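**Q** quick one: sequence plus predicted model below, questions after.
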Amino acid sequence: MIKHLLLTLMLLLNSSIVLAQFDNISIIGQFTNWAADVPMATEDGVIYTLSSQNFAVSGGAKFRKDNMWDTNWGATTFPTGTATQGGQDIPVPMGTYDVEFNKETGTYIFTEVASEFDNIGIIGGFNSWAESEQMVTFDGSLYTLDDYYFSADEVKFRKDNNWDVNWGGSTFPSGEAIANGNNIPLVAGFYNVAFNYSGLNYSFIQVPVSLIGDGAQGWETDIALPSSDGGVTFLMQNFELVDGFVKFRANSSWAKNWGSSDFPMGTGTQNGMDIPTVAGIYNISFNRITGEYNFEEVLSVNDPLKVSAKVYPNPTQNNWTFVFEDNQIESIDIVDMTGKTVYSNQFNSNEVLVDATNFSTGIYFAKVRTGEAVQTIKLVRK
């Protein structure tokens with residue numbers, strides 16, 4: 001009896017040692033707002049699995065070891081692919097999936113699992129009333145659709161992608177869902193949508209777009225940008241920036257973000273570079289459909305004239321010549337892409353020559369001052 005007990009304990013101990021030898025592999029992504037890892041199970045330390053995982057929002061996901069970024073895998077294809085070390089985010093649509101990942105080969109597969117809840121969707125002019133856009137639910141009661149662009153007015157909710165069971169309403173952006181009711185008079189734009197299947201009510205909340213970065217108020221603080229057209233164009237007036245970097249993003253989340261290397265204006269792209277900023281007071285505009293943005297420096301109330309300096313040649317290999325015909329240039333400060341001041345000098349002249357031969361190749365920004373007015377000029381050293 002004692003011998004049998006000792007043998008059982010030894011087997012359990014050996015089993016624990018073997019299990020302890022397996023790597024801790026998990027998946028993380030926009031579905032957890034990149035804040036928490038979901039552990040995956042394994043029986044051999046090679047194949048890791050996860051059953052019926054709900055991805056409540058569409059967005060990127062990656063596999064990683066020990067809940068750290070030191071070892072992680074990603075790729076660009078869905079639902080199958082081969083993940084590589086440090087690869088890009090896997091673009092996972094919202095839904096419920098069984099996930100399998102091979103740690104040795106990097107191969108993965110997401111298999112969609114049929115939901116146990118009723119299928120509720122939304123249809124309207126935005127998709128020519130052709131097919132419902134499926135909404136997501138965790139409990140079969142509250143259905144949501146996040147950050148969706150409705151390009152045309154009027155929508156309805158319906159079950160199982162047909163007209164047998166459908167709901168409308170007479171008010172927007174929220175109201176009572178009425179069986180076979182009128183088309184909801186939606187205003188075109190970007191919205192987070194919620195439909196309460198139990199209480200039969202709905203809401204459309206305009207997707208907030210914000211500015212974030214150490215060039216604004218830090219990478220932990222979103223600055224909401226006002227919009228008056230359904231969340232397509234945004235304008236913030238008289239906002240103070242410092243030397244640094246910023247990006248635009250939606251829903252205070254990195255699932256949708258825009259960046260570029262250009263300042264004070266440019267076209268932001270999804271997951272683009274951080275936008276370099278130069279200290280000053282700006283009117284900021286952003287269009288989330290085209291990605292176009294503009295940081296227009298605000299003139300001092302004490303000087304209605306804006307600096308209209310010209311610079312040539314630009315790009316240059318040797319020198320930049322700054323010319324201002326209407327007034328004298330008082331100072332020029334030049335910063336690099338990191339926000340570091342690489343040149344600063346004072347003048348009292350209509351024409352200034354700046355030696356660029358010691359500058360590294362790349363992009364710079366010059367702040368040209370005359371009186372209280374300032375102009376920011378993009379420079380290129382080739």
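**A** That came through fine. Numbers count the residues shown, from 1 in each chain.
**Q** list the buried ones in the helix or strand encompassing Glu220?
**A** Assigned by DSSP states H and E, Glu220 falls within strand 218-224. Using 16 or more other CB atoms under 10 Å as the test for burial, strand 218-224 gives Asp222. All C-beta spots, glycine's among them, are computed from the backbone N, C-alpha and C.
**Q** what pairs with it, and is each one parallel or antiparallel?
**A** Within its sheet, strand 218-224 is paired with strand 209-213 (antiparallel), according to DSSP bridges.
**Q** using PDB, write down the CA coordinates of the strand it pairs with.
**A** Extracted C-alpha coordinates of strand 209-213, given in PDB (Å, rounded to 0.1, in the frame of the first residue of the first chain):
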ATOM      1  CA  VAL A 209     -11.300  60.700 -32.200                       C
ATOM      2  CA  SER A 210      -8.500  62.100 -30.100                       C
ATOM      3  CA  LEU A 211      -5.000  63.400 -30.200                       C
ATOM      4  CA  ILE A 212      -2.400  61.700 -28.000                       C
ATOM      5  CA  GLY A 213       1.300  61.900 -27.500                       C
END
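**Q** avg pLDDT for stretch 322-337?
**A** For stretch 322-337, mean pLDDT is 85.
**Q** kindly report the same for stretch 365-373.
**A** pLDDT averaged over stretch 365-373 gives 80.
**Q** do the same with stretch 288-295
**A** 95.
**Q** neighbouring contacts of it?
**A** Contact with stretch 288-295 is made by 149, 190, 209, 231-234, 241, 248, 250, 258, 260, 263-269, 275, 277, 282-287, as judged by CB atoms under 8 Å, 6 or more residues apart in numbering.
**Q** list only buried entries from those.
**A** Looks like the contacts of stretch 288-295 have 190, 209, 231-234, 241, 248, 250, 258, 260, 263-264, 266, 268, 275, 277, 282, 284-287 buried, using 16+ other CB under 10 Å.
**Q** restricted to strands, list these.
**A** 190, 209, 233-234, 241, 248, 250, 258, 266, 275, 277, 282, 284-287 (DSSP state E).
**Q** contacts for the strand holding Glu220?
**A** 208-213, 216-217, 236, 239, 249, 252.
**Q** hmm, try it at 7 Å
**A** 208, 210-213, 216-217, 252 (CB atoms under 7 Å, 6 or more residues apart in numbering).
**Q** and that strand, how far from the chain's centre?
**A** 13 Å (CA atoms, centre = their mean, to the nearest Å).
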